[in-house]
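Participant: Here is a sequence with its predicted model. Questions after.
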Amino acid sequence: MTFKDLHIISMKDFSRDMIDHILNPAEKLEPIARGMEKSDLLDGKVLSLLFFEPSTRTRMSFETAMIRLGGQVLNLGSLEATSIAKGETLADTIRVVGGYSDAIVLRHPKEGSARMASELVSVPIINGGDGAGHHPTQTFLDLYTIRRESHMDNVKIALAGDLKYGRTVHSLCYALSLYGAEITLVSPKELRMPDEIITDLKTCDIKVTQADSIEEVISNVEVLYVTRIQKERFPDPAEYQKVASSLLITPQLLKKANPELKIMHPLPRANEIDPRVDKTEHACYFKQSFYGVPIRMALLSLIMGALE
Amino acid sequence: MTLNTTQERELRVRPIKNGTVIDHITAGQSLNVLRILGIPDLSEDVVSVVINASGAHGKKDVVKIENRELKVREVDKISLIAPNAVINIIRDFDVFEKKHVIIPEHAEGVVRCINPNCISNSSEPVTSKFTVTSAGGRILLRCEYCERLISENIAAHLL
């Protein structure tokens, strides 16, 4: 299996073997990710970051991953200072930047933008989030976190929060199903996963059940994956408060939890998790954001041909 | 005076000497079929259309294009809205060749994605592309860019 020059666009392009091929080297790269060991694995390689939307974790973890492996990073910078302000299309920008770099990370508000980009250049495109579409490196780091902090095969996992708008949850469901996960979806009716997506998941043979509250499932699940509830989705602030408080994770709620429970969150969080939970053994969202570095190191090394 | 079926049909639309007859088009879809084939915008062929003709399996539409033989592959994309259509190539009033349309695996530049935020609906130089599957007689189109599904009323989304 070779990943050299492979575009990383959507989880649907990946089989279980392919996912394992990315997760396996990540653990060996952790000491480098922590700065405990030095590496020149990507010496002389250039990664371009084209972010048309805000990002903290994705952008910085790609930069860190590249720097820790001895490579260089080119940043698009602010859009006002580029040809995009002169009306250049994304297609032309991608072709130009493709000539400057060994791989491109693209975050763009339009769904399918990364797929289009991958048709235009031979250097690998990594989808760093396309609107409400896919964000595969987030899914890889989520899976890696589950593997490191809990276990992958047949894991009992609940996904809670905004399941209506976040299609990254949809990708995660698909990937988890490859490992036989038992998935429970927890959300208030306003933010429930759309029926068409649930039907789509079921046609892929993915076992999903639904629950109305975290309390119902907390004693049974091994992983609780919480997503951010966006205030701007609610025209009425009172309605937002009601929904947000119904999904709030508190130390009191966790008294009923499975002792092995791990809580994950892609961050940034709004008010979904009480800060007092951070000190408990259950919290692993900051470890999760760190794991974005070794997983992206593994991915970059594979697609740039530095690892087989 | 009563007319037999053959006479009745000939009175409606006369047989053509040479060209293509697309038969068994889903009733009401003939104009959309012409739209997909780029007729009349892309050609000066004489075209006759019968809407809601009686067929063995209920109502159907028929399209006759004179002096032009459509290639079956060229016509396959109409299967998205008329999956039972039959292409008859006519030479000197006889049916020279008869073939069913085949549902293609990919449809490019035929249908617009229903997702307004899809890159294929932007000002970027990109043509819409769908993967086509059929399940239980229904045709499903999945956008190859944003992966959104179109499962109903495909004709309403023709480009």
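Facilitator: Arrived safely.
Participant: Show me what from the stretch 51-200 of chain A comes close to chain B.
Facilitator: Within the stretch 51-200 of chain A, the positions near chain B by CB under 8 Å from any CB of the partner chain are A:89-91, A:108-113, A:115-116, A:130-134, A:196, A:200. For the C-beta atoms, the positions are set from N, CA and C on the backbone; glycine is no exception.
Participant: residue boundaries of the strands in the chain?
Facilitator: No chain was given, so I picked chain A. Here chain A has its strands, by DSSP state E, at A:46-51, A:72-75, A:103-108, A:125-130, A:156-160, A:182-186, A:208-211, A:223-226, A:262-264.
Participant: You answered for a different chain; I wanted chain B.
Facilitator: Going by DSSP E, chain B shows strands at B:19-26, B:47-55, B:58-66, B:86-91, B:94-100, B:106-108, B:129-135, B:138-143, B:149-150.
Participant: Can you say which of the ones you listed is packed in most?
Facilitator: strand B:19-26 (a mean of 22; mean count of other CB atoms under 10 Å in any protein chain shown).
Participant: neighbouring strands for that strand, and are they parallel or not?
Facilitator: Here strand B:19-26 is paired, per DSSP bridges, with strand B:58-66 (antiparallel), strand B:86-91 (antiparallel).
Participant: Relative to residue A:164, which of the ones you listed is closest?
Facilitator: Closest approach to residue A:164 among those (CB to CB): strand B:58-66, 40.3 Å.
Participant: neighbouring contacts of that closest one?
Facilitator: With contacts defined as CB atoms under 8 Å, 6 or more residues apart in numbering or on different chains, strand B:58-66 is touched by B:13, B:16-30, B:33-34, B:39, B:45-54, B:82.
Participant: What of stretch A:173-182?
Facilitator: A:11-12, A:14-16, A:19, A:139, A:142-143, A:146, A:152-157, A:159, A:183, A:201, A:204-208.
Participant: Helices - which of the residues you listed land there?
Facilitator: Among those, DSSP state H puts A:16, A:19, A:139, A:142, A:143, A:146, A:201 in helices.
Participant: Among these, the buried ones, what's the PyMOL command?
Facilitator: Those of the ones in helices among the contacts of stretch A:173-182 that count as buried under 16 or more other CB atoms under 10 Å in any protein chain shown are selected in PyMOL with:
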select buried, chain A and resi 19+139+142+143+146+201
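Participant: Dump the ones in helices among the contacts of stretch A:173-182 to JSON lines, plus pLDDT.
Facilitator: Listed next are these as JSON lines, based on pLDDT from 0 to 100:
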{"residue": "A:16", "pLDDT": "96"}
{"residue": "A:19", "pLDDT": "98"}
{"residue": "A:139", "pLDDT": "97"}
{"residue": "A:142", "pLDDT": "97"}
{"residue": "A:143", "pLDDT": "98"}
{"residue": "A:146", "pLDDT": "98"}
{"residue": "A:201", "pLDDT": "76"}
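Participant: ok, the ones in helices among the contacts of stretch A:173-182 vs chain B, which is closest?
Facilitator: residue A:201 (12.2 Å; CB to the nearest CB).
Participant: got a list of what the closest one touches?
Facilitator: A:170, A:173, A:174, A:177, A:208.
Participant: If we only consider those, which is nearest to chain B?
Facilitator: Scanning the contacts of residue A:201 for proximity to chain B, where the rule is CB to the nearest CB, the winner is residue A:170, at 9.3 Å.
Participant: Mind pulling the model confidence for the spatially closest residue to residue A:205 that is not a sequence neighbour?
Facilitator: Distances taken as CB to CB, 6 or more residues apart in numbering or on different chains place residue A:177 nearest to residue A:205, at 7.0 Å, with adjacent residues excluded. On the pLDDT scale, residue A:177 is placed at 89.
Participant: Tell me how many other residues crowd residue A:177.
Facilitator: 18 (other CB atoms under 10 Å in any protein chain shown).
Participant: Same question for the one 3 residues further on.
Facilitator: Residues within reach of residue A:180, counting by other CB under 10 Å, total 12.
Participant: Figure out the length between the terminal residues of stretch B:136-147.
Facilitator: Stretch B:136-147 has its terminal residues 21 Å apart, counting by CA to CA, to the nearest Å.
Participant: Check the offset of that stretch from the chain's centre.
Facilitator: 18 Å (CA atoms, centre = their mean, to the nearest Å).
Participant: That one near chain A anywhere?
Facilitator: Yes: applying CB under 8 Å from any CB, one finds stretch B:136-147 touching chain A at B:143, B:144, B:145, B:146, B:147.
Participant: ranges for the helices of chain A?
Facilitator: A:16-33, A:57-68, A:90-98, A:113-118, A:136-149, A:167-177, A:195-203, A:214-217, A:237-246, A:251-254, A:285-303.
Participant: so where's the chain uncertain?
Facilitator: The chain I'm using is chain A. Residues of chain A that meet the criterion pLDDT under 70 lie in A:81, A:166-167.
Participant: That was the other one, I meant chain B.
Facilitator: If you take pLDDT under 70 as the line, chain B has these spans: B:1-13, B:42-43, B:72.
Participant: what does it have sitting close to chain A?
Facilitator: Residues of chain B lying near chain A (CB under 8 Å from any CB): B:115, B:117-120, B:122-126, B:143-149.
Participant: are any of those residues buried, and which?
Facilitator: B:115, B:117-120, B:122, B:124, B:126, B:143-149.
Participant: Identify the farthest-apart pair in those.
Facilitator: For these, the maximum inter-member distance is 21.7 Å, found between B:124 and B:149 (CB to CB).
Participant: who's in contact with the residue of chain B found nearest chain A?
Facilitator: Here the residue of chain B nearest chain A is residue B:145; by CB to the nearest CB that distance is 2.7 Å. Residue B:145 makes contact with A:111, A:112, A:113, A:115, A:116, B:113, B:118, B:119, B:120, B:126, B:128, B:129, according to CB under 8 Å, 6+ apart.
Participant: will you turn these into CSV that also has distance to residue A:70?
Facilitator: Written out in CSV, the entries for the contacts of residue B:145 read as follows (distance: CB to CB, whole Å):
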residue, distance to residue A:70
A:111, 34
A:112, 34
A:113, 30
A:115, 30
A:116, 31
B:113, 42
B:118, 38
B:119, 34
B:120, 39
B:126, 36
B:128, 42
B:129, 39
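Participant: quick check, nearest of these to residue A:252?
Facilitator: Among those, residue A:111 lies closest to residue A:252 (CB to CB), at 39.4 Å.
Participant: Mind listing the residues bridging to that closest one?
Facilitator: With DSSP bridges as the rule, residue A:111 is bridged to residue B:118.
Participant: Looks like it contacts residue A:132 (just checking).
Facilitator: Yes: contact criterion CB atoms under 8 Å: residue A:111 and residue A:132 qualify, at 6.3 Å.
Participant: Against residue A:127, how distant is the residue of chain B closest to chain A?
Facilitator: Distance of residue B:145 to residue A:127, computed by CB to CB, to the nearest Å: 11 Å.
Participant: okay, and the common contacts of the two?
Facilitator: residue A:115.
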